[in-house]
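> Sequence first, then the predicted structure:
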Amino acid sequence: MRKFLFLLLILFEIDAQSQSSVSAIAYTKSGFVYTQNFDGLPNSGTFTLTGKGPFNLSDAPINSIGLSGWQMYMYSGTNSNAAFAFGTGSNNNNGIYSFGGSSSTDRALGSISTNSSAVYAFGAVFQNNTGGTLNAFTISYTAEEWRNGGSNTTCTWSFKYLIGSSITNINQSGLSTNSNLNFSSPVTSSGIS
């Protein structure tokens, strides 16, 4: 199975300050490479979230392993509460998902959204602990489509980021976009698969 890595939203804190809402991923030296395969996502259980978030994927009730700094939230929609679940890609309920085979530890982070009831964002917060200013960074990912809802419409994830000195979670204003890092579903047929 190809690994899925997609940063819908990435926030990078320039100055080393404490994070009150999330334990940020520490960027400790120039040239540091951070990778994430999401195999620490749960593959079973029930997750009850209250409110729209943001929620830390490493905190209860999700309790992902090795995913400090990663968050999710429902940024628009009529649902009262955000949803997190595990699945194989056959489910059509909206939410953030730990995708993978039933009970498999080989996981992928993804989402299913609808325009009216819930649209989701997930991403990571990084903190610069190098002691110096970072002038550039490189981001890459591999994505895969786990489900085609049969809408005959291309679904697109928009990549957004923010660089600042007081970032505490992924629900921030003033985000910049980079359409070169967007992901569009390769399968858009009218049949559900």
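Everything's here; your move.
> What about Ser104, how many residues nearby?
By other C-beta atoms under 10 Å, 13 other residues sit near Ser104. Placement of C-beta: from N, CA and C, glycine included.
> ok, the closest residue to it other than its chain neighbours - contacts?
The shortest distance from Ser104 to any non-neighbouring residue, by C-beta to C-beta, 6 or more residues apart in numbering, is to Asn43 (6.1 Å). Neighbouring residues of Asn43 by C-beta atoms under 8 Å, 6 or more residues apart in numbering: Phe86, Ser98, Gly100, Ser102, Ser103, Ser104, Thr105, Arg107.
> can we see that at 10 Å?
With C-beta atoms under 10 Å, 6 or more residues apart in numbering as the criterion, the residues that contact Asn43 are Phe86, Gly87, Ser98, Phe99, Gly100, Gly101, Ser102, Ser103, Ser104, Thr105, Asp106, Arg107.
> For those residues, which single residue is the most surrounded?
Once you tally neighbours by other C-beta under 10 Å, Phe99 ends up highest among the contacts of Asn43, having 26 neighbours.
> Please compute how far the longest strand seen in the chain lies from its chain's middle.
Among the segments of the chain that qualify as a strand by DSSP state E, the longest is strand 119-128. Strand 119-128 has its average C-alpha position 6 Å from the chain's average C-alpha position, going by C-alpha atoms, centre = their mean, to the nearest Å.
> repeat for stretch 136-147
Shown here is stretch 136-147, whose average C-alpha point lies 11 Å from the average C-alpha point of the whole chain (C-alpha atoms, centre = their mean).
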